[in-house]
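1. no sequence on this one, just coordinates:
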């Protein structure tokens, strides 16, 4: 458990430091909205409904089964186990462990039981990541890049934005602003920012490869948390470079593979934007279906594991560390008797900061 907790704290504190020091990151966080922090398919716009629910249900089942199995190994009574249903659909699982018996066992045994849930999720996350690598490492390029196409690809369009009013759509490629070529997102940002309050020509290729030119009157000022056009873009991607870079991350930086294919579409081979450019020797052109399911199993299991390992009261980590602290301080007086509560409240503040900093610092 301490290793998982340490990793969780490292990631959360790193995210908070980045939010404090980077306006671009804060603006991006505001752009995707607070609901993107919720692991609930249907509420989180970046979590697909089908793969999201399948992965979430399997995650909960594996987590609770881990607790239950280890509890039985130590002879701790498991009052009941079952599946949680909502409108006839399985949405989770539960294991009720006899708390009185749990309080009687040693700290080491309790640690094993509390750690079993997050560790089961970490194992499933690792297996999913490995299987995902087997798929992506076997992909072949079926649609090479067109050397005559340049610009930035539009991955999302904000509702009621300037881009929407112009007729830009997801999959369009923005090539010019006021006859200035756009080669990357920085070019787009620079050309838009340098023409605030002016009417400029915007040139793009639509999804059918047809050239479109329209006039757009840019706002006088850039509103905090909002883009000028109201789009998310990525560079026109070379399929070979994208595939090679993605596969290299499995060894060099696996945590970078937590970037969702629904968000970083231009750099993930099985995203909706890139999937048609590849083929699998086993799954053919349908490889993105198992690849996406495995990704969300990896993503959700990893996040559930590290969150549950945090030293916050009702979570697995909280129960374990509170038991250890209470054991060490049961005969102490004063503030030491409240150490576990102080730890819980401190962690709640730290986690809350990761949610609210983008809106506090505009």
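-> Perfect, I can see it now. Bear in mind the structure is a predicted one, so any value in this text is a computation, not a measurement.
2. now do the helices in the stretch 51-200 of the chain.
-> For the stretch 51-200 of the chain, the helices defined by DSSP state H, counting those that start in this stretch occupy 99-104, 107-136, 162-166, 185-193.
3. looking at those helices, which is buried most?
-> Counting by mean count of other Cβ atoms under 10 Å, helix 107-136 has the highest mean neighbour count of the helices of the stretch 51-200 of the chain, with a mean of 20. Every residue, glycine included, has its C-beta placed from N, CA and C.
4. which other helices and strands contact that helix?
-> helix 2-21, helix 49-73, helix 239-252, helix 288-308, helix 316-329 (3 or more Cβ pairs under 8 Å, 6 or more residues apart in numbering; DSSP states H and E).
5. tell me how far it lies from the chain's centre.
-> 18 Å (Cα atoms, centre = their mean, to the nearest Å).
6. just to revisit the earlier point, out of the helices and strands packed on helix 107-136, flag the one nearest residue 360.
-> helix 2-21 (9.5 Å; Cβ to Cβ).
7. what's the closest one in contact with?
-> 25-26, 29, 115, 118-119, 122, 255, 305-307, 309-311, 317, 321, 350-351, 353-354, 357-358, 361 (Cβ atoms under 8 Å, 6 or more residues apart in numbering).
8. tell me the angle it makes with helix 316-329.
-> The directions of helix 2-21 and helix 316-329 differ by 110 degrees, with axes from the mean of the first three to the mean of the last three Cα atoms, to 10 degrees as the criterion.
9. how about the helices and strands packed on helix 107-136 in a markdown table, adding mean pLDDT, mean neighbour count and distance to residue 206?
-> What follows is the helices and strands packed on helix 107-136, written out as a markdown table (pLDDT from 0 to 100; neighbours: other Cβ atoms under 10 Å; distance: least, Cβ to Cβ, whole Å):
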| stretch | mean pLDDT | mean neighbour count | distance to residue 206 |
| --- | --- | --- | --- |
| helix 2-21 | 85 | 15 | 35 |
| helix 49-73 | 88 | 20 | 28 |
| helix 239-252 | 93 | 15 | 21 |
| helix 288-308 | 93 | 23 | 23 |
| helix 316-329 | 77 | 19 | 50 |
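10. who wins for proximity to residue 193 among these?
-> helix 2-21 (21.0 Å).
11. just checking, next helix/strand downstream of that closest one?
-> Using DSSP states H and E, the next helix or strand after helix 2-21 towards the C-terminus is helix 23-32.
12. residue ranges with poor pLDDT in the stretch 101-250 of the chain?
-> 147, 224-226 (pLDDT under 70).
13. at 80 instead, please
-> Counting by pLDDT under 80, the stretch 101-250 of the chain shows low-confidence ranges at 101-104, 143-149, 156, 158-159, 207-209, 222-227, 235-237.
14. how's this protein carved up into domains?
-> 2-136+294-360, 152-235 (automatic domain parsing).
15. which residues does the residue nearest to residue 179 when sequence neighbours are not counted contact?
-> In space, and not counting its chain neighbours, residue 179 is closest to residue 201: 6.8 Å by Cβ to Cβ, 6 or more residues apart in numbering. Each residue near residue 201 by Cβ under 8 Å, 6+ apart is listed here: 176, 177, 178, 179, 213, 214, 215, 216.
16. tell me which element the last one is part of?
-> What it means is residue 216. strand 211-217.
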